[in-house]
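S.K.: predicted coordinates and the sequence they were generated for:
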Amino acid sequence: MQFKKLLTILAVAAGATLSAAAGAKELRLGLIVPATHEWTKAANAMGEELKQKSNGKYSVSTFPAGQLGNEAQMMQQLQTGALDMAFMTAAEVTNRVPDMSALFAPFLVNSPQQAEVLLNGPTAQKMLQRLPREIGAVGFGYGVAAMRLMLNAFPTNSGVDLKGRKMRITPFPPVRDFYQLLGAASTPMPLTDVYDSLANGQVDGVDADLELVWRMKFYERGNTLVHSNHMMFPVVGLMSGRVWQQLPPADRELIAATARKHLNSLFATYATVEGEMLKNIEDTKKVKVVKVGPELFGDVPQKWEEIWIKRTPILADLRKEAAAIK
Ligand code: BEZ
């Protein structure tokens, strides 16, 4: 672990002890996204409401931009109780709960509004209930990021253009397989390293979303925005099981309800901000925006489905629920 990160962890641990001594509890919450990201804003809003509703008993300090480590490291910290909470990508959770991979089926939903219905539906909610047993953390609820697309440093008019290209992916198997089936070289990389890797040519393109392209300025390093909306990208609100066990039942209820409310607020947020961010990117005139549908990917979504339905049969239930939404 980097020395700077170790210092941050020691400093927040000391802060928690001081607050406990004063009878209040500071909950430390880690995120991989930057401070300006909608997930961080939702976490901060949750903290303010919690402080107010608990009359100051609980406060939340957010540590964005991977200050406490990457998501795999934050997951370990949650398990040991060194970290209280995280707003974590469902992508990271799939590394321990493979069934959650089904949420990343290509073209399962086509908007944050549809994601809201599916993620609050029976199959996705049942998966949340498994988390204490399977990862040692309580899952409060889901939100989403903007829909997935690609920002490429090469002209992209068809799936063939992706062959042999080094595509940055979030490190988890469902998306790795998707790009491999497209003939690209899937290159796993945490969000915090993406801008520099695009800038120095380590990757040719990135699997990302409108918010990352705009707020993390990826548009400065690519020339084609392939607006495909090919997957949703859920976030899960987690609390360390060890911390949870020490809380009185009424406090648990308050924290869970407040976290769920602010995670769920992200569905409406993205329904609004996706359009604004697309316009901002278009106004820069730095990238060509190519609007595409599933046809760009040929038979790859079907092939992906054939592989993953065997690995995680609950995909069939999610497909049924999704079909009922459309
Ligand atoms: C990503 O790895 O692409 C990602 C991580 C967190 C939020 C959104 C995207």
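M.R.: The structure has been received and is ready for your questions.

S.K.: contact partners for the most centrally placed residue in the chain?
M.R.: Among the residues of the chain, the one closest to the centroid is T89, at 3.0 Å (CA atoms, centre = their mean). For T89, the contacting residues are I32, E71, T170, F233, P234, V235, V236, by CB atoms under 8 Å, 6 or more residues apart in numbering. No exception for glycine: its C-beta is placed from N, CA and C like everyone else's.

S.K.: and the ligand, which of the residues you listed contact it?
M.R.: I32, T170, F233 (CB under 6 Å from any ligand atom).

S.K.: tell me the SS of the first one?
M.R.: Using DSSP: H, G, I helix; E, B strand; the rest coil, the three-state assignment for I32 comes out as coil.

S.K.: re the thing from before, measure the residue nearest to the centre of the chain to Q245 for me?
M.R.: 25 Å (CB to CB, to the nearest Å).

S.K.: swap in Y195?
M.R.: 39 Å.

S.K.: same check on A271?
M.R.: Counting by CB to CB, the gap from A271 to Q245 is 36 Å.

S.K.: okay, these two: which has more neighbours?
M.R.: The neighbour comparison of A271 against Q245 (other CB atoms under 10 Å) goes to A271, with 16 against 11.

S.K.: give the helix, strand or coil label for that one.
M.R.: helix.

S.K.: ok, L238 next?
M.R.: strand.

S.K.: isn't it up against F140?
M.R.: Yes. Counting by CB atoms under 8 Å, L238 touches F140, with 7.3 Å between them.

S.K.: if you count what's nearby, which of these two comes out ahead?
M.R.: When L238 and F140 are compared for neighbours, L238 comes out ahead with 29 against 24, by other CB under 10 Å.

S.K.: quick check: bridge partners of that one?
M.R.: A86, G139 (DSSP bridges).

S.K.: contact residues of this structure facing the ligand?
M.R.: Residues of the chain lying near the ligand (CB under 6 Å from any ligand atom): I32, V33, T89, A145, T170, L191, A208, L212, F233.

S.K.: can you give the domain ranges for the protein?
M.R.: 26-146+232-275, 148-231+276-323 (automatic domain parsing).

S.K.: so what's the nearest residue to I309 once chain neighbours are set aside up against?
M.R.: Leaving out its chain neighbours, the residue that sits closest to I309 by CB to CB, 6 or more residues apart in numbering is L315, at 5.1 Å. Counting by CB under 8 Å, 6+ apart, L315 touches A102, A105, E305, W308, I309.

S.K.: got a list of contacts for stretch 34-41?
M.R.: 31, 33, 62, 64-65, 87, 143, 145, 211, 215-216, 235, 266, 269-270, 273.

S.K.: could you pull out the buried residues of that stretch?
M.R.: Buried residues in stretch 34-41, counted by 16 or more other CB atoms under 10 Å: P34, H37, E38, W39, T40, K41.

S.K.: helices - which of those land there?
M.R.: E38, W39, T40, K41 (DSSP state H).

S.K.: could you dump those to a markdown table with distance to I255?
M.R.: Below are these laid out as a markdown table (distance: CB to CB, whole Å):
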| residue | distance to I255 |
| --- | --- |
| E38 | 21 |
| W39 | 17 |
| T40 | 18 |
| K41 | 19 |
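
S.K.: tell me the one among those residues nearest to the ligand.
M.R.: W39 (6.5 Å; CB to the nearest ligand atom).
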